[in-house]
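Q: 3D, please:
(one chain, ligands or ions: 1)
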Amino acid sequence: MIAQKRVFSGIQPSGRLHVGNYVGAMRKMISLQDEYYCIYGIVDYHAMTVRFDPKEMEESIFDCAVDYMAAGIDPTKSVLMVQSTVSQHTELAWILNTITPISWLLRVPTFKEKRQQNPDYVNMGLLDYPVLMASDIIVYKAEVVPVGDDQLPHLELTREIVRRFNSLFGYTFPEPKAMLGEVTRILGLDGNFKMSKSLDNCIYLDESKDEIWKKLSTAVTDVRRKRKTDPGNPEDCNIFTMHKAFSKKGDIDYCAHECCVAGIGCLDCKKILLENMYKELEPIQKKRHELSCNREHVYDILKQGQKRAEEIAVETMSDVHAKIGVKSFH
Ligand code: ADP
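A: Now for the predicted structure:
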């Protein structure tokens, strides 16, 4: 049998998953499961780089596991694991830290953004986040990383770190490549910033149709379209981006045309989106409910995931230890 290429991707348990996570990363993650050996992480140590409540962490990890499975990550095909349960992630991150110049990290756009958003909480973990992310990926020697486009600078840094490691110590890791979905970024309801758990601008996967409508009906559209009688610019409208993610071609073309000629208003366009979006979210919500009632089953899956992930990570670390001249005694 030809060894399958490995895939790694992670989601932070820093709040409920939203449609940006689903469209930007999860759909692709789901679609790769048959072709690749996929390892999908609940990356809890990453979620600790901003202020967090330890009392909520356990529940957030559980919710994230449930969201993954409800959306279509199948634990009989993929490894579903929690980052902190496989200690090789942080062990390798330390080694990578020693070969990563600080200047590479200071220029990462998300570090600059987060530093601006939380000027009183700029910790080492925030700066070091991309090194831990590099480690998450290469501890499995993964070659493919399905992510939204906000992660591209991090992936580029991972590749730079891999090149440096390989050139210093001999070929050890393949250079992983990002794999983007069809819609690579969904903006928040503000129409300005990326939809993100850390900003209050999301449509969550578990929201009712009424809740989603409340949010959609006030969501920002093309700011230049002030009245229903003004023609709009679909390409400058986040609702249209969501149509591209959730609607079929007929509705996408109809909404684009009617927007351009001021045939329908933004609310009409949003109603069509609501129907199409909810059609996809409803079965996920049903599955989510079933899984949430079966905690033991979810924890069993995470335990199995830990075991399967650890087997690969241990093997990688023994290779790394040999390369850097640190003896393994086991
Ligand atoms: P968040 O920014 O909401 O905390 P994560 O950092 O946990 O999300 O990201 C998990 C995955 O979801 C990553 O692959 C990321 O690129 C993707 N993602 C997050 N937000 C969006 C978005 N608004 N649009 C597209 N993809 C996104």
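
Q: quick one: the residue of the stretch 1-150 of the chain found nearest the ligand and Lys215, what's the gap?
A: Proximity to the ligand, evaluated over the stretch 1-150 of the chain using C-beta to the nearest ligand atom, is greatest for Gly24 at 1.9 Å. In short, each C-beta sits where N, CA and C put it, glycine included. Going from Gly24 to Lys215 by C-beta to C-beta, to the nearest Å gives 18 Å.

Q: Neighbour count: those two, which is higher?
A: Neighbour totals were compared for Gly24 and Lys215, and Gly24 leads with 26 against 18 (other C-beta atoms under 10 Å).

Q: what about Val320, which helix or strand?
A: According to DSSP states H and E, Val320 maps onto helix 295-324.

Q: Mark out where each domain of the chain begins and ends.
A: Domain assignment of the chain by automatic domain parsing yields the ranges 6-186+295-329, 209-288.

Q: near the ligand, anything from the helix or strand containing Leu152?
A: Using DSSP H and E, Leu152 falls within helix 152-169. No: using C-beta under 6 Å from any ligand atom, helix 152-169 never reaches the ligand; the gap is at least 8.7 Å.

Q: Show me what counts as buried in that helix.
A: His154, Leu155, Leu157, Thr158, Arg159, Glu160, Ile161, Val162, Phe165, Phe169 (16 or more other C-beta atoms under 10 Å).

Q: quick one: contacts of that helix?
A: Applying C-beta atoms under 8 Å, 6 or more residues apart in numbering, the contact partners of helix 152-169 are 96, 99-100, 104-105, 108-110, 129-131, 133-134, 137-138, 145, 147, 172-178, 323-324.

Q: Contact residues of the stretch 51-200 of the chain facing the ligand?
A: So the stretch 51-200 of the chain meets the ligand at Val147, Gly148, Asp150, Gln151, Arg185, Ile186, Lys194, Met195, Ser196, Lys197, Ser198 (C-beta under 6 Å from any ligand atom).

Q: from those, which would you call buried?
A: Among those, the ones that count as buried by 16+ other C-beta under 10 Å are Val147, Gly148, Asp150, Gln151, Arg185, Ile186, Lys194, Met195, Ser196, Lys197, Ser198.

Q: one step back: now find how far off-centre whichever helix or strand comes after the helix holding Leu152 is within its chain.
A: Counting by DSSP H and E, the next helix or strand C-terminal to helix 152-169 is strand 177-179. Centroid displacement of strand 177-179 relative to its chain, using C-alpha atoms, centre = their mean, to the nearest Å, is 13 Å.

Q: Tell me the helices and strands packed up against strand 177-179.
A: Judged by 3 or more C-beta pairs under 8 Å, 6 or more residues apart in numbering; DSSP states H and E, the packing partners of strand 177-179 are strand 144-146, helix 152-169.

Q: What pairs with that strand, parallel or antiparallel?
A: Paired neighbours of strand 177-179 in the sheet (DSSP bridges): strand 144-146 (parallel).

Q: ok, the nearest residue to Gln88 once chain neighbours are set aside to Pro234 distance?
A: For Gln88, ignoring the flanking residues on the chain, the nearest one in space by C-beta to C-beta, 6 or more residues apart in numbering is Ala313 at 3.6 Å. Shown here: Ala313 relative to Pro234, a distance of 46 Å by C-beta to C-beta.

Q: Comparing the two, which residue is more hemmed in?
A: Neighbours were counted for Ala313 and for Pro234 using other C-beta under 10 Å; Ala313 has more, 23 against 20.

Q: Wait, the more buried one touches Ile137, no?
A: No: using C-beta atoms under 8 Å, Ala313 makes no contact with Ile137, being 11.6 Å away.

Q: so how many other residues sit close to Thr229?
A: Neighbour number of Thr229 under other C-beta under 10 Å is 8.

Q: can you give me the strands in this structure?
A: 6-11, 37-42, 79-82, 144-146, 177-179 (DSSP state E).

Q: how about TSV for those strands, with mean pLDDT and mean neighbour count added?
A: Shown next, in TSV, are these (pLDDT from 0 to 100; neighbours: other C-beta atoms under 10 Å):
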stretch	mean pLDDT	mean neighbour count
strand 6-11	98	24
strand 37-42	98	25
strand 79-82	98	25
strand 144-146	98	23
strand 177-179	97	17
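
Q: ok so, going back, any chance of the residues of the stretch 51-200 of the chain next to the ligand in a markdown table with pLDDT as columns?
A: Converted to a markdown table, these look like this (pLDDT from 0 to 100):
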| residue | pLDDT |
| --- | --- |
| Val147 | 95 |
| Gly148 | 94 |
| Asp150 | 93 |
| Gln151 | 95 |
| Arg185 | 95 |
| Ile186 | 96 |
| Lys194 | 93 |
| Met195 | 95 |
| Ser196 | 91 |
| Lys197 | 83 |
| Ser198 | 79 |
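
Q: wait, what's in contact with Leu126?
A: Listed by C-beta under 8 Å, 6+ apart, the contact set of Leu126 reads Thr49, Val50, Phe111, Lys114, Arg115.

Q: got a list of what the fourth one touches?
A: Residues touching Lys114, when contacts are defined by C-beta under 8 Å, 6+ apart, comprise Thr49, Val50, Val122, Leu126.

Q: Give me the spatial nearest neighbour of the first one, chain neighbours excluded.
A: In space, not counting the residues next to it along the chain, Thr49 is nearest to Gly125; the distance is 4.0 Å by C-beta to C-beta, 6+ apart.
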